[in-house]
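K.L.:
sequence first, then the predicted structure:
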Amino acid sequence: EQPYESKYPEHEDLDEYINSNDSIAFLYYSGRKCLGHIRLGTVEETKFASIDRLIVLESSRGKGIGTALLNKAREWALQKGMQGFTLETQDVNLLACRFYLKNGFDIGAVDTMLYSNSKYKDENAVFFYSKF
C-alpha cells in the first residue's frame, strides 16, 4: 500500500503550551527558520508525558531534528516526574511509526475502531509508549 504522511501547517497556534505548568512546546530553529517542533503535556495519573504533536519540515527530515526534540522533551518530562512518553498516530503514517520504533518506542495498542465513524475510517490508531 501507499504510505500516508500527515501534513500539518508549519506555524500552528502554540498558545496553550506557553506559560503552562503541565504542557510545553519546544521549537527547533536554524537561523531564523523553524525546522520543527514538539508539543507535549503531563498525564499525572499515568506518569506519562503525552506527545500531542511532533513535526519536522519535510526538507529537514533525516538530520536528527526529531530525535533532538524528543531528547529535549525527555529532559522536561523527567523534571516533571514523568516516567515515559505516550502518543497516538495512524497505521498509515509509516514515516512516523518507523521514527518512533527507531527511537525506542514500543507499540502498546492498536485501536481498529477509533476512526470508524470518521472520514479516516480505513485507518487504525497505533498507541506508542516509551518508558524512561
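P.N.:
Yep, that arrived.
K.L.:
list the contacts for the nearest residue to residue 121 once chain neighbours are set aside?
P.N.:
The shortest distance from residue 121 to any non-neighbouring residue, by Cβ to Cβ, 6 or more residues apart in numbering, is to residue 115 (5.8 Å). Where C-beta positions appear, they are placed from N, C-alpha and C, glycine not excepted. Counting by Cβ atoms under 8 Å, 6 or more residues apart in numbering, residue 115 touches 90, 121, 123-125.
K.L.:
name the element residue 115 belongs to?
P.N.:
Here residue 115 sits in a region with no helix or strand, counting by DSSP states H and E.
K.L.:
quick one: pLDDT of it?
P.N.:
Reported pLDDT at residue 115 in the predicted model: 95.
K.L.:
distance of it from residue 57?
P.N.:
Distance of residue 115 to residue 57, given as Cβ to Cβ, to the nearest Å: 26 Å.
K.L.:
again, but for residue 44
P.N.:
Separation of residue 44 from residue 57 (Cβ to Cβ): 33 Å.
K.L.:
which of those two has more neighbours?
P.N.:
Applying other Cβ atoms under 10 Å to residue 44 and residue 57 shows that residue 57 carries more neighbours, namely 15 against 10.
K.L.:
now the more buried one. Nearest residue, chain neighbours left out?
P.N.:
residue 35 (5.2 Å).
K.L.:
what about the strands in the protein?
P.N.:
With strands called from DSSP state E, the chain shows them at 23-30, 33-43, 48-56, 84-90, 106-111, 125-131.
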